[in-house]
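K.L.:
task: produce atomic coordinates for the following.
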Amino acid sequence: MAVNNIQDPRRATRRFFIFVAVLFPLLVLLGFARTYYLRAFLDGPPVPTLLVHLHGLVMTAWIVLFATQVWLISSRRIRLHQKLGIAGVFLGIVIIVVGLLTAVASAARGGGVPGIPPLAFLAVPFFDIVVFAILLAGAVYYRRQPANHKRLILLTILNFLPPAVARIPIVSLQSLGPIWFFGFPDILAVIFVIVDTWRHKKLNKVFLAGTLLMIVSHPLRLMLSGTEAWLRFATWITS
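P.N.:
Numbering: from 1, shown residues only. Next up is the predicted model:
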């Protein structure tokens, strides 16, 4: 009976991560189908630059890597999971570099969301990368503590969900703006923490800290984006 009690939370955790590994790629595909993945079939706009295309490729690779790692863990291929994790660190570094370059280049050429000044909007993708870098660093630090490591990796996926859900072609959702594309991942993260705590009868403090970092960063970047200090910084890095 005691063994079953120990195994049940682990089994539930594996099922949960498998669910996420299926759900998140579907949301990303739905959001970016017209503008990237299926644009040739859906009369989507051309990819602006090779840098944007590279950004799309490395982000896709991160999602595929997450799903692959979940599968390796669920099939108990731990050694291969660890070896692939080393490659994941290098991929994460590439994501940080390419993501920052793409965001800055987009702002420099006047890209972004219609009605929002490009330099102000730059705060959104810029802090996506900053939060990702912190979560990734934490995941590497806790690589020998699976409970913390995998939850931080999960948050790296949640952190990159807003650009995808913002593009889901449902007008009623898109009209909500940040309430939708920030609120949806934030609510998911809170639910994940609550369910995780309930199943394990213990709060994972690292998971909570990472979740709070992501959630708090959303309104903060919006407030920061219109300040003189940010606009000066954005002007400097795009010049």
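K.L.:
which residues sit in contact with the spatially closest residue to residue 73 that is not a sequence neighbour?
P.N.:
Excluding the flanking residues, the one nearest residue 73 by CB to CB, 6 or more residues apart in numbering is residue 81, at 5.7 Å. C-beta here means a position set from N, CA and C on the backbone, and glycine is covered the same way. Contacts for residue 81 (CB atoms under 8 Å, 6 or more residues apart in numbering) come out as 69, 72, 73.
K.L.:
least confident pick among those?
P.N.:
Across these, the smallest pLDDT goes to residue 73, namely 88.
K.L.:
quick one, what contacts that residue?
P.N.:
Counting by CB under 8 Å, 6+ apart, residue 73 has contacts 14, 17, 81, 150.
K.L.:
ok, residue 211 next?
P.N.:
So residue 211 contacts 155, 189, 190, 192, 193 (CB under 8 Å, 6+ apart).
K.L.:
and the pLDDT for the nearest residue to the first one once chain neighbours are set aside?
P.N.:
Same thing as residue 155. Of all residues not flanking residue 155 in the chain, residue 210 sits nearest, at 4.5 Å (CB to CB, 6+ apart). If you check residue 210, the pLDDT there is 98.
K.L.:
tally of neighbours for residue 210?
P.N.:
Residue 210: 27 surrounding residues under other CB atoms under 10 Å.
K.L.:
test my guess that it contacts residue 151.
P.N.:
Yes - the pair formed by residue 210 and residue 151 meets the contact definition of CB atoms under 8 Å, at 6.9 Å.
K.L.:
circling back: what helix or strand is the residue nearest to residue 155 on?
P.N.:
Using DSSP states H and E, the element containing residue 210 is helix 205-224.
K.L.:
please enumerate the helices of the chain.
P.N.:
2-32, 50-74, 78-108, 118-121, 123-141, 146-159, 162-166, 171-174, 178-181, 183-200, 205-224, 228-238 (DSSP state H).
K.L.:
worst average pLDDT in those helices?
P.N.:
Across those, the lowest-scoring stretch is helix 2-32, with a mean of 78.
K.L.:
now it: buried residues?
P.N.:
For helix 2-32, the neighbour count (16 or more other CB atoms under 10 Å) marks 13, 16, 17, 20, 21, 24, 25, 27, 28, 30, 31, 32 as buried.
K.L.:
same deal with stretch 107-115?
P.N.:
Residues 107, 108, 111, 112 are the ones in stretch 107-115 that count as buried (16+ other CB under 10 Å).
K.L.:
stretch 224-231 too?
P.N.:
Buried, per 16+ other CB under 10 Å, within stretch 224-231: 224, 225, 230, 231.
K.L.:
save those residues as TSV, and put in distance to residue 51 too.
P.N.:
Below are the buried residues of stretch 224-231 laid out as TSV (distance: CB to CB, whole Å):
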residue	distance to residue 51
224	25
225	22
230	23
231	23
